[in-house]
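Q: I'd like to go over a predicted model; first the sequence, then the structure.
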Amino acid sequence: MDRPFRHQALWILLGGVAGFVLWSIFSRQLAPPEIAESNFQANLLRLEHWKLDAAPADVLVGSSIGARLLPRYFESTPLTGIHNLSLDGSGPGLGLRILLDSTNRPRRVFIEVHRLGKPWHPNDDAILAAASGSGMRLAGLAPGFRASARPSTLLFSWIKSRQHPPGAPAKPGERVLETATALHRVVPEWERDLARQIQTLRDRGIAAILVQFPVGRENPVDPEAHHGADQLAEHLGIPLIDLNRESARRNLPITYTDNLHLTPDSATRVAHLLAELAGR
């Protein structure tokens, strides 16, 4: 390699390093993104927040349903600073597994009822690999490697934060959480796993609370009826916060983007309601 080419390569390398350092510093001054251009990148944002930032007092584990409750919706409430480990394309079981594998010790974990019992999927393996892979280690070394520093993610989050989809009210309910109710019932494997996870939480001094979200087409037809989430809470011996039931009692306007996921305005109302009921 001749000398001019080596000098040119060195300047390119130094310029790239300098640009990376400057972007790392500048991106930290911007509002951190809470949503991303893909499910995987959105999950990375939540995983990095959980693993690399200050340990939270409260954490929510769930699916894409719970993921609609962005951290800023909880500002100035009793749940300010809550971490959201709701993972798109997965369920609360994986969030609990990641929580229990970490050294973080929140005081409470809110467990989304929906998607409990969701079968394991290759997507879950990808999320677990991302949570402990080399990318996460790099993100811990320099903020410029974090998903929250990706220019495309910052731009996408900024654009989406200024959009307010109108949504639509729920259509009639079609499905609710199924749990066995017989006296000598056969407990499904996922519920046995959940009971073991909750016992581990208790052993660590962490309180577990089930949360039923409004979920459009999956809402019980009668919010006041005793349903699967009530039964599960009784079987596990932990509290249930039924946000769908309480929203109906208060006549809160709840709308959905796809008859399942909350619109931003409704997610904000539900977040405030959760914070209020959790603070009692």
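A: Thanks, I have it.
Q: make it CA atoms for all contacts and neighbour counts henceforth
A: Will do.
Q: give the contact list for Ser63.
A: Contact criterion Cα atoms under 8 Å, 6 or more residues apart in numbering gives Ser86, Leu87, Asp88, Gly89, Ser90, Gly91, Pro92, Glu112, His114, Arg115 as the residues in contact with Ser63.
Q: gap between the closest residue to the third one other than its chain neighbours and Asp125?
A: When you say that, I think you mean Asp88. What sits nearest to Asp88 in space, not counting adjacent residues and going by Cα to Cα, 6 or more residues apart in numbering, is Ser64, at 4.3 Å. Between Ser64 and Asp125 the computed distance is 17 Å (Cα to Cα, to the nearest Å).
Q: so for the two, which sits in the more crowded spot?
A: Applying other Cα atoms under 10 Å to Ser64 and Asp125 shows that Ser64 carries more neighbours, namely 22 against 12.
Q: I'd guessed the more buried one sits against Gly89; true?
A: Yes. Taking contact to mean Cα atoms under 8 Å, the distance of 6.5 Å between Ser64 and Gly89 places them in contact.
Q: for Ile241, give me its contacts.
A: Ile209, Leu210, Val211, Gln212, Leu274, Leu277, Ala278.
Q: repeat that for 7 Å
A: With contacts taken as Cα atoms under 7 Å, 6 or more residues apart in numbering, Ile241 has the following neighbours: Leu210, Val211, Gln212.
Q: now render those residues as CSV, adding pLDDT and neighbour count.
A: As requested, the contacts of Ile241 are arranged in CSV below (pLDDT from 0 to 100; neighbours: other Cα atoms under 10 Å):
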residue, pLDDT, neighbour count
Leu210, 98, 23
Val211, 98, 25
Gln212, 97, 23
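Q: nearest to Arg250 among these?
A: Gln212 (15.7 Å; Cα to Cα).
Q: from Leu273, how far out is the closest one?
A: Using Cα to Cα, we find Gln212 at a distance of 12 Å from Leu273.
Q: and what about Ile241, helix, strand or coil?
A: strand (DSSP: H, G, I helix; E, B strand; the rest coil).
Q: what does the one 3 residues further on give?
A: Following three-state DSSP, Asn244 is assigned to helix.
Q: look up how far Gly93 lies from it.
A: Look at Asn244 and Gly93: by Cα to Cα, they are 21 Å apart.
Q: the more surrounded of these two?
A: Each of Asn244 and Gly93 has its neighbours counted (other Cα under 10 Å); Gly93 has more, 26 against 21.
Q: for the more buried one, give its distance to Ala149.
A: In this view, Gly93 and Ala149 are 28 Å apart by Cα to Cα.
Q: beta-bridge partners for Leu210, please?
A: Ile111, Leu240 (DSSP bridges).
Q: show me the contacts for it.
A: Listed by Cα under 7 Å, 6+ apart, the contact set of Leu210 reads Phe110, Ile111, Glu112, Val113, Ala233, Pro239, Leu240, Ile241.
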